[in-house]
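Undergrad: coords below, sequence missing:
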């Protein structure tokens, strides 16, 4: 696919590092594709080298200090981050007044629902100064909020020039639930993370979690949230433990104290003996080592818009058991490269896990089919080319509007 005749200037906006890995991998791919991208983010305090390890320089406005001190007390971090955020938005506002980007690619608006949505104001200013706004829809609406904010998100989706989502099913929902015309939405797959990290010591990982030789490691990984179905997985694991002694479930992730306490309480209530809880943030190196050591990776989600965790499992060629959700079906096929079960069906989830744990041939067949997808750097090359074309379409539409005026 050819490049646009004029090299567009793009500002990639994820100013609070809400989706840092997506922003980093996409920005790197676009730069390698020849797009002039400025990365608008701060240092991700949980992974200080998320961006610079991928050759990226951050341009958040005027300051990038708070994220570089990961051990700051939580309250102090929040106070300093508010001040830093205000200064950065002010600096960017002044810059956009003088010379706005051709395209403002918004990855996330974390302050959108707050009383002072500075990121939304900045987006509006860029629009008024002539920038075309492209918004990636990572979540249709905030998880676990039902329809509370539907009207606000409908206004947001209608106000930008183009939307990017990661599946046909989400584009259909944008049309049916928010009234967004299909021609305003581009479907570009979610790219994989961490496939480019070096090989890890899988045996060391297993020993670190106390998993004996001959035991299979089943992995659930992610930020704790009700929609990800960890409670369903633990219920299903009780049935697995009752019938099969050769596997250990490792749960790795972080979340609020309320959620982590609830997970621990459920494990105790169910009397589970072969569950290891590691409820903390893990580095990318640890994460990749865990995925590589796992025999099976499980995604028991109740609902999902897109999943970086699933993309990681696919990129690393794992045997996958997942909920049979529309977004997952666009990447996986039941019985061909994964086992998919009805969302919320605890009994079916348990049976699927038992199948893959007890059948080594099935595990290898499913994993081999996943590996054939070659879901790695080539995926990001394609994603970058498709994303550039979205920018071209947004700018072309803007030129037609100005000519008509």
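TA: All right, it came through fine. Here the structure is a predicted model, which means the values were calculated and not measured.
Undergrad: report the longest helix in this structure, please.
TA: helix 377-404 (DSSP state H).
Undergrad: and it, which residues are buried?
TA: 377, 379-380, 383-385, 387-395, 398 (16 or more other C-beta atoms under 10 Å). Backbone N, C-alpha and C define where each C-beta goes, glycine included.
Undergrad: now do stretch 272-290
TA: Neighbour-count burial for stretch 272-290 [16+ other C-beta under 10 Å]: 272, 274, 275, 279, 282, 284, 286, 287, 288, 289, 290.
Undergrad: Of these, just say which sits nearest to residue 99.
TA: Set against residue 99, the nearest of those by C-beta to C-beta is residue 284 (35.1 Å).
Undergrad: Might one say that that closest one is in contact with residue 47?
TA: Yes: using C-beta atoms under 8 Å, residue 284 is in contact with residue 47, at 6.2 Å.
Undergrad: contacting residues for residue 255?
TA: For residue 255, the contacting residues are 223, 224, 225, 279, by C-beta atoms under 8 Å, 6 or more residues apart in numbering.
Undergrad: Show the pLDDT at the nearest residue to the third one once chain neighbours are set aside.
TA: Across the structure, with C-beta to C-beta, 6 or more residues apart in numbering as the measure, the residue nearest residue 225 apart from its sequence neighbours is residue 143 (5.7 Å). According to the prediction, residue 143 has pLDDT 71.
Undergrad: so who does residue 143 touch?
TA: Each residue near residue 143 by C-beta under 8 Å, 6+ apart is listed here: 225, 226, 227, 303.
Undergrad: and those, which are buried?
TA: With burial judged by 16+ other C-beta under 10 Å, the buried subset of the contacts of residue 143 is 225, 303.
Undergrad: Mind putting the contacts of residue 143 into TSV with distance to residue 54, secondary structure and pLDDT?
TA: Output for these, formatted as TSV (distance: C-beta to C-beta, whole Å; DSSP: H, G, I helix; E, B strand; the rest coil; pLDDT from 0 to 100):
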residue	distance to residue 54	secondary structure	pLDDT
225	27	coil	89
226	32	helix	90
227	29	helix	90
303	31	coil	85
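Undergrad: Specify the local secondary structure of residue 269.
TA: For residue 269, the assignment made with DSSP: H, G, I helix; E, B strand; the rest coil gives helix.
Undergrad: What ranges does the chain have for its helices?
TA: Under DSSP H, the chain gives helices at 20-33, 74-98, 118-128, 150-159, 168-178, 202-208, 230-243, 257-270, 284-293, 308-315, 326-329, 346-358, 360-371, 377-404.
Undergrad: Alright, that wraps it up for me.
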